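A.B. asks: the amino acid sequence is not available; the structure is as follows:
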Ligand SMILES: NC(=O)c1ccc[n+]([C@@H]2O[C@H](COP(=O)([O-])OP(=O)(O)OC[C@H]3O[C@@H](n4cnc5c(N)ncnc54)[C@H](O)[C@@H]3O)[C@@H](O)[C@H]2O)c1
Ligand SMILES: O=C(O)C(=O)C[C@]1(C(=O)O)C=C[C@@H](O)C=C1
């Protein structure tokens, strides 16, 4: 049994990213969403064609957590697929919904890719979103072997690593590694609402690293947290206790508790597996410091275009009020030399890309004027 035809239900960030990855592997992909605009945009991105009832091998349900059970029931009633899986960030509640709605659990493999972005919708989708990332699969004793095989095939076509775990273990685990961290990031980012312009002008990369996920959709996160409330509350209580102890240590001037927290933080961070820890894409990131004036980005793009280098990704870091910004240009490693030469030719100073085993090498290109 191989995966030749897939239906994606919910063509937002995750559904469209999976669709794009499957299209690259030659799978026929059909698209469905309650929002016709989301399907149109996904189609325009090359993610597949609109679903008009074709029967497929596997349906991937990529909708918010409370809608998964009902969608599964509807699709099974239409006999839309031989097997079904989903991507929602919690697992116990959607499975309970499916059971309550009388779904056939033998053809359903609950799933969850541990990959995402802080943006929603098909426009944010990318085919390489899942590369090297863990993708949890939570089959139950009654789940059929063929359904599991199809779900695993989808995961590997998306470039992710399947990880089999029970739904209960999954929810406890993601409370620690995903859901509580999201709330903690939001708490840090929420403080910035009170920050004055001077403070925000001094924001560096550390703050951006700690708060990136806080930009995620609050309505989606409310649904995720509601479905995993107690495990997340437990982790948050322990984080809050550490923060309270650190604050009182700072007030008393006895920094032992803070030092202990910092050391435990180093230990905890060291436990994040390298395999899934860093960005999974094999791009070189060239950092270019740009003058903040009209036409600078266009000049950079033009230099890349003339060198026949495709820019895979671009990220703009700009501190308000400063005369320069940093643009991070991601290119395929084999294009690094050509782009470096082109930037030098057009007046930027670019030091050699350092050797290293990290998946992403960073170099800096400084404006010469
Ligand atoms: N955002 C992430 O980083 C991330 C990562 C992993 C898993 N997930 C999970 O993936 C799922 C989708 O998240 P997303 O970030 O792609 O959200 P999104 O908002 O980008 O996309 C969700 C899409 O589902 C559609 N939709 C909503 N209800 C529907 C229904 N009943 N039937 C058909 N379509 C419906 C919406 O119109 C939207 O296009 C969620 O369950 C989320 O928990 C998200
Ligand atoms: O924005 C990201 O980078 C994410 O990977 C988001 C993230 C995560 O916590 O790892 C968030 C929720 C999802 O259920 C899966 C992935």
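C.D. replies: Everything's here; your move. Please read these numbers as outputs of a predicted model, since none were measured by experiment. Ligands and ions are numbered 1, 2, ... in the order given.
A.B. asks: remind me which helix or strand residue 221 belongs to.
C.D. replies: Residue 221 belongs to helix 218-226 when elements are defined using DSSP states H and E.
A.B. asks: correction: the previous question concerned residue 242.
C.D. replies: helix 229-252.
A.B. asks: and that helix, does that touch ligand 2?
C.D. replies: No - using C-beta under 6 Å from any ligand atom, we find that helix 229-252 stays clear of ligand 2, coming within 12.0 Å at best. (C-beta placed from N, C-alpha, C; glycine too.)
A.B. asks: that helix packs against which elements?
C.D. replies: Applying 3 or more C-beta pairs under 8 Å, 6 or more residues apart in numbering; DSSP states H and E, one finds that helix 229-252 makes contact with helix 180-191, helix 256-270.
A.B. asks: got a list of contacts for the longest one?
C.D. replies: Read that as helix 256-270. 242, 245, 246, 248, 249, 250 (C-beta atoms under 8 Å, 6 or more residues apart in numbering).
A.B. asks: wait, which of these is closest to ligand 1?
C.D. replies: residue 242 (25.9 Å; C-beta to the nearest ligand atom).
A.B. asks: kindly tell me how buried the closest residue to the closest one other than its chain neighbours is, as a neighbour count.
C.D. replies: Nearest residue to residue 242 in three dimensions, chain neighbours excluded: residue 261, at 5.4 Å (C-beta to C-beta, 6 or more residues apart in numbering). Residue 261 has 15 neighbouring residues, counting by other C-beta atoms under 10 Å.
A.B. asks: could you do residue 326 as well?
C.D. replies: Residue 326 has 17 nearby residues by other C-beta under 10 Å.
A.B. asks: looks to me like it is in a helix.
C.D. replies: No - counting by DSSP: H, G, I helix; E, B strand; the rest coil, residue 326 falls outside a helix, being strand.
A.B. asks: my guess is it meets residue 285, correct?
C.D. replies: No - applying C-beta atoms under 8 Å, one finds residue 326 not in contact with residue 285, separated by 10.7 Å.
A.B. asks: now do the domain split for this structure, please.
C.D. replies: If you go by automatic domain parsing, the domain ranges for the chain are 5-165, 170-276, 284-367.
A.B. asks: briefly note if the longest one comes near ligand 2.
C.D. replies: Just to be clear, that refers to domain 5-165. Yes - against ligand 2, domain 5-165 shows contacts by C-beta under 6 Å from any ligand atom at 89, 114, 115, 116, 117, 118.
A.B. asks: among these, who's most crowded?
C.D. replies: residue 89 (26 neighbours).
A.B. asks: name the helix or strand for it, please.
C.D. replies: Secondary structure (DSSP H and E) places residue 89 outside all helices and strands.
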